[in-house]
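Peer 1: please find the sequence and the predicted model below.
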Amino acid sequence: MTSNIGLRTLLVLAALGLLGGCATPTPYDYTAFERSNPASILVLPPVNRSPDIKASYSVLSQVTYPLAEAGYYVLPVAVVDETFKQNGLMNADEMHMAPPAKLREIFGADAALYIEITSYGSSYKVLTSEVAVEAHGKLIDLRSGQLLWEGRALASSAENQNQSSGGLVGMLITAAVNQIVNTLSDRGHEIAGITSRRLLSAGIPNGILSGPRSPHYQSRLAGR
C-alpha cells in the first residue's frame, strides 16, 4: 500500500511538472512603459560577461535594426560609443554607471537600453558543438530613471541540428566539423543577430511595445 501511494504521488508530481512547463508566461506589466511612451532610444555598449572579447560590439552592431523596426529612433551606436570614450568612459561597465539624468543631458534620448551578454561563442561537448548567445536587456527612462521594460533572449546553432542519425561515430564527426566551422566562420555574430531580434522585436509575448514610428503604434494606443 505504501509503495502504491508513493507511486501515485510521483505520478501526480510529474503531471504537475508537465502542466507547469506548458503554462502561459505571466503577462508583463507595461504600465510604466505606456506612461513614459518613449520615442528615442540610446543603446549603451553591452556589458560582456562571456569570455569572448568580440561579444559586446558584435551584439551592439545588431540591435539598431529590431528597435528601428519596432518604431523607435535609435541614436547611432558608433557615435554614442565614441562620445563616451571622448568623455573618458572607455568600457561598457563604466558607461552603464553613468547617471540617467546625465545621459539625457548629453544625448537627449527618452530612454536608454542596457544590455548584458551572459553567453557568447562556441562550446564543444563531445557529442555536440553549438554556438550560443544569450542576453538580458533593460529599458530605462532617462527622464525619471524608472525601469520601463526588461527581457531575456537566447539563440543557439543547436536549435536546428539533427543528431539522431549516423550513430555514435557520425555524431562525433559532426560535432568536430561543427566546432571547426563555428570557430573559423565566427558564427557567434550570426547567432547574436537572432538573439537581438528575439530580445528587441515588438509584437512578441512580453517584448517591447511598438514605438511612434511603427504602423502598429496607433492600434497599441487604442488598445489601452
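Peer 2: Ah, there it is. Residues are numbered from 1 along each chain as shown.

Peer 1: Leu200 against Ala70, yeah?
Peer 2: Yes. Taking C-beta atoms under 8 Å as the definition, Leu200 is a contact partner of Ala70 at 6.8 Å. In short, each C-beta sits where N, CA and C put it, glycine included.

Peer 1: who has more neighbours, these two?
Peer 2: Leu200 (30 against 22; other C-beta atoms under 10 Å).

Peer 1: coming back round to it: what's the overlap in contacts for Leu200 and Ala70?
Peer 2: Ile208 (C-beta atoms under 8 Å, 6 or more residues apart in numbering).

Peer 1: in this structure, which spans are strands?
Peer 2: For the chain, strands defined by DSSP state E occupy the ranges 40-43, 47-48, 73-74, 111-124, 129-141, 147-156.

Peer 1: buried set for the longest one?
Peer 2: By 16 or more other C-beta atoms under 10 Å, the buried positions in strand 111-124 come out as Ala111, Ala112, Leu113, Tyr114, Ile115, Glu116, Ile117, Thr118, Ser119, Tyr120, Gly121, Ser122.

Peer 1: flag the shaky bits of the protein, pLDDT-wise.
Peer 2: 1-25, 122-129, 160-186, 222-224 (pLDDT under 70).

Peer 1: try it again at 50.
Peer 2: 1-22, 124, 126-127, 163-165, 168-182, 184-185 (pLDDT under 50).

Peer 1: tell me where it has helices.
Peer 2: Using DSSP state H, the helices of the chain run over 2-21, 31-36, 55-60, 64-69, 77-86, 92-96, 100-107, 167-185, 187-200, 217-222.
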